[in-house]
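A.B. asks: Just need the structure, nothing else, for what follows:
(4 chains)
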2 protein chains.
Amino acid sequence: MRRFNRIVTQRVGALDEAFLARGRPLGQARVLWEIGPDGADVRALRTRLGLDSGYLSRVLGALGSDGLVTVGRSQLDGRVRTARLTPAGLAECAELDRRNDAVASSILDPLEVSQRTRLVGAMAEVERLLTASLVRIEPCAPRHRHAHTSLDAYFSELDARFNGGFDRSRANLDAPSDLVPPNGLLLVATLAGEPVGCGVLRHHDVRGGRPAWSEIKRLWVAPSVRGIGLGRRLLIALEGHAASSGAPVVRLDTNRVLTEAIAMYRAHGYRETRPFNDNPYAHHWFEKRLAAKGRRRRQPATAARTRSTNATSGTAPAQA
Amino acid sequence: MRRFNRIVTQRVGALDEAFLARGRPLGQARVLWEIGPDGADVRALRTRLGLDSGYLSRVLGALGSDGLVTVGRSQLDGRVRTARLTPAGLAECAELDRRNDAVASSILDPLEVSQRTRLVGAMAEVERLLTASLVRIEPCAPRHRHAHTSLDAYFSELDARFNGGFDRSRANLDAPSDLVPPNGLLLVATLAGEPVGCGVLRHHDVRGGRPAWSEIKRLWVAPSVRGIGLGRRLLIALEGHAASSGAPVVRLDTNRVLTEAIAMYRAHGYRETRPFNDNPYAHHWFEKRLAAKGRRRRQPATAARTRSTNATSGTAPAQA
DNA sequence: ACTATTCTCTGACTAGGATCAGAGAATCAG
DNA sequence: CTGATTCTCTGATCCTAGTCAGAGAATAGT
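C.D. replies: As a prediction, the model looks like this:
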């Protein structure tokens, strides 16, 4: 691991020099490239690159005075500012890409053909798995920006995939109070500060502080991070929270078009059962008994460690 | 490739922060770790880390005034200074290692068992192949330090491996003039400024500027970089230089204990032939006809691009 | 012995990366 | 509407990383 880091930084160092060879400070080049052709909110840049707001503001100012970037107000939120590349900025970005490709070539050139393909494959694997390890799953306040973003994406995807679309007004939307204990829980998965997945736990028939059963809903994984086992991690995290709340059984329903999700539920011990609600979009109802864990024995915040024994099926986009 | 760099630097960034969290500048920590428990010459540190001499001197001064490092003269060369860790420096180094391991754990923890093994494997693969691509093969002046170092290592290895050892005085040692054109050539492979392999080309019976045949000798690959195809690259580079010198055939001899080398020669089209010299250590003599390339059609400095069609046998420590 | 080279150290200097505090504008929650 | 929060920008400041030039000591080559 240590040697790996050293070797890679040596190469990345060469890459940085290539950036610097363009006569532009590294920080500016990074921001320029991160903005991309579609533009980006300043806030998103800050979280994605992990920069101080003052620092980023200064970098954007420098890029702006060079005529590469324009910064304007966002329509959605007057406080947020959106950075966009000017034509000159796009050209500069393309130039950076060209130099980047040149560095890549200089790395691949000395290798044989078979070594190149192996290197590219291994790099893709490392990237995938490091991405997976960067994803954090945490409870989220219902009013938090991430809650809106991820649930919105979830409903949009249902609308796109369901036969006949999905009408939110027909769905049993959750009140904010249902997404926090003791009524339920909202988990959001974030990658570099942006939401990339979510899942909701709803406790039903709570008596004596213990729910008779808990429902898993709104399980969603962003398309950009599918295939790295995030759906499984969310599912296991939700089950863990249900167990530590004392629920003996979890249930969920799903639509017949969500075949990957159905396969994942089956692989994780869910058995099809009779309908437990009248969700007009549901075709299948599943349930799974939970091993008794005692209430609050696991600390709620980090109960989401995924150590599934079944580790063969690597891909699991999921919805519930 | 670009995304790979970003992801890794994000993680390496976390690692850097871990270093910095120790309250010590990153540069000092890097040097501290690079010195290692066995000490290191200042010159070696400079080439390995790619630092300016003034800068490194200052860093070492800071580490010295903190009581972590002592710098003394090298016995071999009074100009060279050798840095060694004090007990406090060793402790500090161990602490850095501990923090490094903690970062590694934080990366591996969120992953499943199978994902972890895949990640570790892929990282090792990337490291191996990037190392391979970092190795540079270039002609070397016979009096250069690298020439002595690598040929010395070569003879030492022969002495260790041959039955009955190897006596340099019985070998036909090359005069410096035989290692430069037009009599021959010495190629040295370097990794981060240190020699990790070599090979010698000797032209024989030169008439009209063209050798009747060329001999490949002293083919050596350092143990630390075996298994990444460097022997093959050196062999192909030497053949390329022989071809551009107009030699129609290359010959080499080898000892029977060097089985990997013999296998490599066979795989590369060398056929066993009758003895062409009276080398007391040789058991096998090989030769290979070269495709006519015309003299000096390839630029000599970079004629070493290895694009072998046979890319199956990945390991090839080699000697000749 | 004499010269060129190598290695190291010192001094002077630059700039980019980064942090902190605070102000102003916009939005959210009640 | 009001107070709290969020987002951004400006100013001030620090420090590490890195570069350049030159001097002094040791070595290598002839």
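A.B. asks: Do a quick rundown of the helices in chain A.
C.D. replies: Here chain A has its helices, by DSSP state H, at A:2-21, A:26-35, A:42-49, A:53-65, A:87-108, A:113-134, A:145-161, A:230-244, A:259-267.
A.B. asks: For the closest residue in space to A:His146 that isn't next to it in sequence, give me its contacts.
C.D. replies: For A:His146, the nearest residue in space outside its immediate sequence neighbours is A:Pro195; the separation is 4.2 Å by CB to CB, 6 or more residues apart in numbering or on different chains. Any C-beta I mention is one placed from the backbone N, CA and C, and that applies to glycine too. With contacts defined as CB atoms under 8 Å, 6 or more residues apart in numbering or on different chains, A:Pro195 is in contact with A:146, A:149-150, A:153, A:188-189, A:222.
A.B. asks: Pull the number of nearby residues for the nearest residue to A:Pro110 once chain neighbours are set aside.
C.D. replies: Leaving out its chain neighbours, the residue that sits closest to A:Pro110 by CB to CB, 6+ apart is B:Ser133, at 4.8 Å. By the measure other CB atoms under 10 Å in any protein chain shown, the count of residues near B:Ser133 is 20.
A.B. asks: Likewise for the one 4 residues further on?
C.D. replies: Taking other CB under 10 Å as the neighbour definition, B:Ile137 ends up with a count of 25.
A.B. asks: Report pLDDT for it.
C.D. replies: The predicted local confidence for B:Ile137 comes out at a pLDDT of 90.
A.B. asks: Distance check, it against B:Ile216.
C.D. replies: According to CB to CB, to the nearest Å, B:Ile137 stands 14 Å off from B:Ile216.
A.B. asks: what sits against the closest residue to DNA strand D within chain A?
C.D. replies: Distance from DNA strand D to each residue of chain A (CB to the nearest atom of the strand) is smallest for A:Gly54, at 2.8 Å. With contact taken as CB under 8 Å, 6+ apart, A:Gly54 is in contact with no other residue.
A.B. asks: Check the helices of chain A for me and report the most buried one.
C.D. replies: Of all the helices of chain A, helix A:230-244 carries the top mean neighbour count, a mean of 24, counting by mean count of other CB atoms under 10 Å in any protein chain shown.
A.B. asks: average model confidence for that one?
C.D. replies: Mean pLDDT, computed over helix A:230-244, is 93.
A.B. asks: And for stretch A:287-294?
C.D. replies: Per-residue pLDDT values over stretch A:287-294 give a mean of 78.
A.B. asks: same deal with stretch A:38-58?
C.D. replies: The average of the pLDDT scores along stretch A:38-58 is 89.
A.B. asks: Could you tell me the end-to-end distance of that stretch?
C.D. replies: The first and last residues of stretch A:38-58 sit 21 Å apart, counting by CA to CA, to the nearest Å.
A.B. asks: where does it sit relative to the chain's centre, distance-wise?
C.D. replies: Taking CA atoms, centre = their mean, to the nearest Å, the mean C-alpha location of stretch A:38-58 is offset from the chain mean by 19 Å.
A.B. asks: and if you look at stretch A:82-96?
C.D. replies: Using CA atoms, centre = their mean, the offset of stretch A:82-96 from its chain centre is 27 Å.
A.B. asks: So is that stretch next to DNA strand C?
C.D. replies: No: Stretch A:82-96 is not in contact with DNA strand C by CB under 7 Å from any atom of the strand; minimum separation 12.8 Å.
A.B. asks: cool, and stretch A:173-184?
C.D. replies: No: contact between stretch A:173-184 and DNA strand C, assessed by CB under 7 Å from any atom of the strand, is absent, since the two come no nearer than 8.9 Å.
A.B. asks: mind listing what's buried in that stretch?
C.D. replies: Buried residues in stretch A:173-184, defined by neighbour count with 16 or more other CB atoms under 10 Å in any protein chain shown: A:174, A:178-179, A:183-184.
A.B. asks: nearest to B:Leu63, of these?
C.D. replies: Proximity of the buried residues of stretch A:173-184 to B:Leu63, judged by CB to CB, is greatest for A:Leu179, which lies at 53.1 Å.
A.B. asks: Restricted to strands, list the buried residues of stretch A:173-184.
C.D. replies: Counting by DSSP state E, the buried residues of stretch A:173-184 place A:Gly184 in strands.
A.B. asks: Out of the buried residues of stretch A:173-184, which two sit at the greatest distance?
C.D. replies: Pairwise distances across those peak at 9.1 Å for A:Asp174 and A:Asn183 (criterion: CB to CB).
A.B. asks: can you list residues touching both of the two?
C.D. replies: Taking CB under 8 Å, 6+ apart as the contact criterion, the common neighbours of A:Asp174 and A:Asn183 are A:Arg202.
A.B. asks: returning to what we had before: weakest of the helices of chain A by average pLDDT?
C.D. replies: When the helices of chain A are compared on average pLDDT, helix A:2-21 comes out lowest at a mean of 64.
A.B. asks: Longest strand of chain A, counting residues only.
C.D. replies: Taking DSSP E as the assignment, the strand of chain A that covers the most residues is strand A:194-207.
A.B. asks: Adjacent strands (with direction) for it?
C.D. replies: Strand A:194-207 has the following strand partners under DSSP bridges: strand A:184-191 (antiparallel), strand A:210-221 (antiparallel).
A.B. asks: Would you convert those into TSV that also reports distance to B:Ala160 and mean pLDDT?
C.D. replies: Below are those laid out as TSV (distance: least, CB to CB, whole Å; pLDDT from 0 to 100):
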stretch	distance to B:Ala160	mean pLDDT
strand A:184-191	52	89
strand A:210-221	56	92
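A.B. asks: can you put those strands in CSV and add distance to B:Gly23?
C.D. replies: Rendered in CSV, the data for these read as follows (distance: least, CB to CB, whole Å):
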stretch, distance to B:Gly23
strand A:184-191, 30
strand A:210-221, 40
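A.B. asks: how about those strands in CSV, adding distance to DNA strand D?
C.D. replies: Conversion of the strands paired with strand A:194-207 to CSV gives the following (distance: least, CB to the nearest atom of the strand, whole Å):
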stretch, distance to DNA strand D
strand A:184-191, 14
strand A:210-221, 22
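A.B. asks: my read: A:Ala153 touches A:Trp220, true?
C.D. replies: Yes: with contact defined as CB atoms under 8 Å, A:Ala153 and A:Trp220 form a contacting pair (6.6 Å).
A.B. asks: All set, thanks.
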